[in-house]
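Trainee: Quick one, what's the 3D model for this:
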Amino acid sequence: MPSTSSASAAAPGLIGAAAAVAAAVAVHQLLPALPAMTLAVLLGLLAANLPGVAGWTAGPARPGLDFAGKHLMRAGIVVLGLKVSLGDVLGLGWAALLLIAAVVAAAFAGTYGISRLFRLPPRVSLLVATGFAICGASAIGAMAAVRRIRQEETVLPVALVTLCGTLAIGVLPLLARPLGLGPETFGAWTGASVHDVGQVVATAQTAGTAALAVAVVVKLTRVILLAPVVAAAGFHHRLGSEADGAKRPPVIPLFVLGFVALAALRTTGWLSPAVLDAAAAVQDALLGMALFGLGSAVRVGQLLHTGARALLAALASWLLIALLGLGAAFLMFPPT
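Mentor: Next up is the predicted model:
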């Protein structure tokens, strides 16, 4: 918990982040195709780059925005566990589960390789691969925490994953009919290839409730892979810390254990729909404030100057994951 003085310093940024999330949710209710979490990042970008507001985000609001980007992100990941029911995931069948795991592994390795091919730094490449392969900005925040990566280095990966996830909302529905995809196949494609949960919902709902149901379960299967991937990364980082004599990080961070514990609690069926709805609202608030905080650190001028290679790498990775997800969708729901 922050001290009284640090809490006072953080207050302006946290209040601003909360107001931005409220605005993002309001816009989402008016325009359901725009996910609230994507809007939170975009509002952060605007706040960082509009004259007048930019000085506030870089000055008085910065301590609170940094606190949101780091600590509220971890809290949001913990609560995200309540969206994952292991029963729904296992209902896909072992063949589908192995297929989705293979897609995640191939997407992770392929995106990391593409990022390095475009000469992105190793840590940025790792964050981009994690976000694209698993669950967007939440996964980036989790990986940054276990690998002790500075918050400043998460800004570009979050911007890229938000951009490409937003691109998917517009592009994938346009391709469904030319590719001859039925609702279940389209839902599986969306769940297997779109990054953030909110972006998956926004994309899949264009094809109806059957597509949405499949998309959410496939996507949550990817989300639950966050725990073993991050734990493995933390273990690898611990081994490296032992070798160079640095302070050793925990093998499995507490927020990852919290994510797993709440996923197990959701699976028991003990929680009422009202509790789950309230938890979803809390999770949206926490992650929305965190994403606003991260977005508010992006300076568009610097991004355009240094991010051309990163943008090309992200688009190539997006295409790779879309193709991998489409192949998996056809295998799970073969055309009749």
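Trainee: contacts, neighbours, all on C-alpha from now
Mentor: Will do.
Trainee: And for Ile15, the neighbour number?
Mentor: Number of residues near Ile15 (other CA atoms under 10 Å) recorded here: 15.
Trainee: Number of residues surrounding Gly182?
Mentor: Other residues close to Gly182 by other CA under 10 Å number 17.
Trainee: Contact partners for it?
Mentor: Gly182 makes contacts with Ala176, Pro335, as judged by CA atoms under 8 Å, 6 or more residues apart in numbering.
Trainee: From Val89, how far off is it?
Mentor: 21 Å (CA to CA, to the nearest Å).
Trainee: Wait, Phe186 touches Ala329, no?
Mentor: Yes. Contact criterion CA atoms under 8 Å: Phe186 and Ala329 qualify, at 7.3 Å.
Trainee: The two: which has the busier surroundings?
Mentor: Phe186 (32 against 27).
Trainee: Show the contacting residues for that one.
Mentor: So Phe186 contacts Ala176, Ala204, Ala207, Ala211, Ala215, Ala329 (CA under 8 Å, 6+ apart).
Trainee: Could you name the helices and strands sitting against whatever helix or strand Asp277 lives in?
Mentor: Asp277 is part of helix 273-295, with elements assigned from DSSP states H and E. Using 3 or more CA pairs under 8 Å, 6 or more residues apart in numbering; DSSP states H and E, the elements in contact with helix 273-295 are helix 4-30, helix 36-49, helix 62-67, helix 73-80, helix 155-176.
Trainee: Please tabulate these in TSV, including the columns distance to Leu239.
Mentor: Listed next are the helices and strands packed on helix 273-295 as TSV, based on distance: least, CA to CA, whole Å:
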stretch	distance to Leu239
helix 4-30	34
helix 36-49	34
helix 62-67	28
helix 73-80	23
helix 155-176	25
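Trainee: Tell me how many other residues crowd Arg238.
Mentor: Considering only other CA under 10 Å, Arg238 is surrounded by 20 other residues.
Trainee: Going by neighbour count, which residues of the helix or strand where it lies are buried?
Mentor: Using DSSP H and E, Arg238 sits within helix 226-244. Within helix 226-244, the residues that count as buried by 16 or more other CA atoms under 10 Å are Leu226, Ala227, Val229, Val230, Ala231, Ala233, Gly234, Phe235, His237, Arg238.
Trainee: How about stretch 310-324?
Mentor: In stretch 310-324, counting by 16+ other CA under 10 Å, buried: 310-311, 313-318, 320-324.
Trainee: show me where pLDDT drops low in the stretch 101-250 of the chain?
Mentor: 240-250 (pLDDT under 70).
Trainee: Grab the most central residue of this structure for me.
Mentor: In the chain, the residue lying closest to the centroid (CA atoms, centre = their mean) is Gly136, at 2.3 Å.
Trainee: residue contacts, it?
Mentor: Contacts of Gly136 (CA under 8 Å, 6+ apart): Thr130, Val158, Val161, Thr162, His195, Asp196.
Trainee: What is the nearest of those residues to Ser85?
Mentor: Nearest to Ser85 among the contacts of Gly136: Asp196, at 17.3 Å, using CA to CA.
Trainee: count of residues packed around that closest one?
Mentor: 27.
Trainee: That one and Ala137, how far apart?
Mentor: For Asp196, the distance to Ala137 - CA to CA - is 7 Å.
Trainee: Same question for Arg150.
Mentor: In terms of CA to CA, Arg150 sits 15 Å off from Ala137.
Trainee: Between those two, which has more neighbouring residues?
Mentor: Of the pair Arg150 and Ala137, Ala137 is the one with more neighbours under other CA under 10 Å, namely 32 against 12.
Trainee: Please report how far the more buried one lies from Thr267.
Mentor: According to CA to CA, Ala137 and Thr267 sit 24 Å apart.
Trainee: For Ala211, which three-state class applies?
Mentor: Assigned with DSSP: H, G, I helix; E, B strand; the rest coil, Ala211 falls in the helix class.
Trainee: what's next to stretch 206-219, contact-wise?
Mentor: With CA under 8 Å, 6+ apart as the criterion, stretch 206-219 contacts 88-89, 92, 100, 173, 183-192, 197, 200-201, 204-205.
Trainee: buried sites along it?
Mentor: For stretch 206-219, by 16+ other CA under 10 Å, it's Thr206, Ala207, Ala210, Ala211, Leu212, Ala213, Val214, Ala215, Val216, Val217, Val218, Lys219.
Trainee: Stretch 264-277 too?
Mentor: Across stretch 264-277, burial judged by 16+ other CA under 10 Å covers Ala264, Leu265, Arg266, Thr267.
Trainee: Which strands or helices does whichever strand or helix holds the second one pack on?
Mentor: When you say that, I think you mean Leu265. In the assignment (DSSP H and E), Leu265 maps to helix 254-268. With contacts defined as 3+ CA pairs under 8 Å, 6+ apart, helix 254-268 has these neighbours: helix 73-80, helix 86-90, helix 226-244.
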